[in-house]
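J.: need coordinates for the below:
(chains A and B)
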Amino acid sequence: MIIDPITFFVVAVCLVFFALFSMVRIGLGPTAGDRVVGLDTLNTLVVSAMIVLGAAFDQVIFVDVAIIYALLSFVGTLYIARYLERGL
Amino acid sequence: MRILLYVLFGIGVLFNGLGALALLRFPDVYTRLHGATKCTTFGSIFTAAAVIAYGFVRGGAEYQTLAIHAIIALLALLITNPTGSHAIARASYRSGIKPVGAVVDKLEDPS
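T.: Here you go, the predicted structure:
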């Protein structure tokens, strides 16, 4: 064992805790732009937490899910930005 | 090798935390975008780099697959994150949100 496996879980719990901060910003944000920024940060943190959890559980499928999640959240962010810019 | 992994994880968690803190503390959309996007991208590079180093050092076909898929996920994150934040900044400017404390708007159309 190169590294204690509890390290991966500690890192993943820290990332999920930071994701809670961005959920606070999604709830409080005075404008729609603030909420989109919080959503973008939440997506990035969830993707990196999924990569770390894939190493923690020795499951490659978690990292595959992280790839697809990153691409789909990018498409979602672009559509919300287009909606803010000129309406549907 | 163990020290390298701990340092990579430490830098990654530190910068992700600074990004989340920036999201709570900064006053308007543009400064929040500046702090959160750059810090979380940098921190995600380091946590993914720790997983990649773990996969290659651990060896074996399964762990090398883990490392290569983590490289692909990191590339997807690196391409999509700045593009998305650029789109958010442009959309929030065009939808009429001004920066806090701005007195002159040099991007405004003169017409």
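J.: going forward, measure contacts between C-alpha atoms and count neighbours the same way
T.: OK.
J.: what ranges do the helices span in chain A?
T.: Here chain A has its helices, by DSSP state H, at A:6-28, A:32-57, A:60-86.
J.: just give the nearest non-adjacent residue to residue A:49, would you?
T.: Nearest residue to residue A:49 in three dimensions, chain neighbours excluded: residue A:12, at 5.2 Å (CA to CA, 6 or more residues apart in numbering or on different chains).
J.: and what of residue A:56?
T.: residue A:8 (5.4 Å).
J.: so what's the one you found up against?
T.: Going by CA atoms under 8 Å, 6 or more residues apart in numbering or on different chains, residue A:8 touches A:52, A:53, A:55, A:56.
J.: pick the one among these closest to residue A:4.
T.: residue A:56 (9.9 Å; CA to CA).
J.: now name the helix or strand holding the residue nearest the centre of chain B.
T.: Residue closest to the mean C-alpha point of chain B, counted by CA atoms, centre = their mean, is residue B:41 at 1.8 Å. Secondary structure from DSSP states H and E places residue B:41 in helix B:29-58.
J.: mind listing what's buried in that helix?
T.: Using 16 or more other CA atoms under 10 Å in any protein chain shown as the test for burial, helix B:29-58 gives B:29-30, B:32-56, B:58.
J.: and for stretch A:16-31?
T.: Going by neighbour count (16+ other CA under 10 Å), the buried part of stretch A:16-31 is A:16, A:18, A:19, A:21, A:22, A:23, A:25, A:26, A:29.
J.: now for residue A:82, how many residues are close by?
T.: Counted with other CA atoms under 10 Å in any protein chain shown, residues neighbouring residue A:82 total 17.
J.: and the closest residue to it other than its chain neighbours, what's its pLDDT?
T.: In space, and not counting its chain neighbours, residue A:82 is closest to residue B:91: 6.7 Å by CA to CA, 6+ apart. You'll see residue B:91 listed with a pLDDT of 91.
J.: just checking, residue B:91 touches residue A:81?
T.: Yes. Applying CA atoms under 8 Å, one finds residue B:91 in contact with residue A:81, separated by 5.4 Å.
J.: who has more neighbours out of the two?
T.: Taking neighbours as other CA under 10 Å, residue B:91 and residue A:81 compare with residue A:81 leading, 25 against 21.
J.: and that one, how far is that from residue B:43?
T.: 24 Å (CA to CA, to the nearest Å).
J.: picking up where we left off before, for the contacts of residue A:8, which single residue is the most surrounded?
T.: Of the contacts of residue A:8, with other CA under 10 Å as the count, residue A:52 tops at 28 neighbours.
J.: now for that one: which residues touch it?
T.: Per CA under 8 Å, 6+ apart, neighbours of residue A:52: A:8, A:9, A:11, A:12, B:47, B:48, B:51.
J.: quick one, longest helix in chain B?
T.: Every helix in chain B considered (DSSP H), the longest is helix B:61-94.
J.: list the buried residues in that helix.
T.: Buried, per 16+ other CA under 10 Å, within helix B:61-94: B:63-71, B:73-74, B:76-78, B:80-81, B:84-85, B:87-93.
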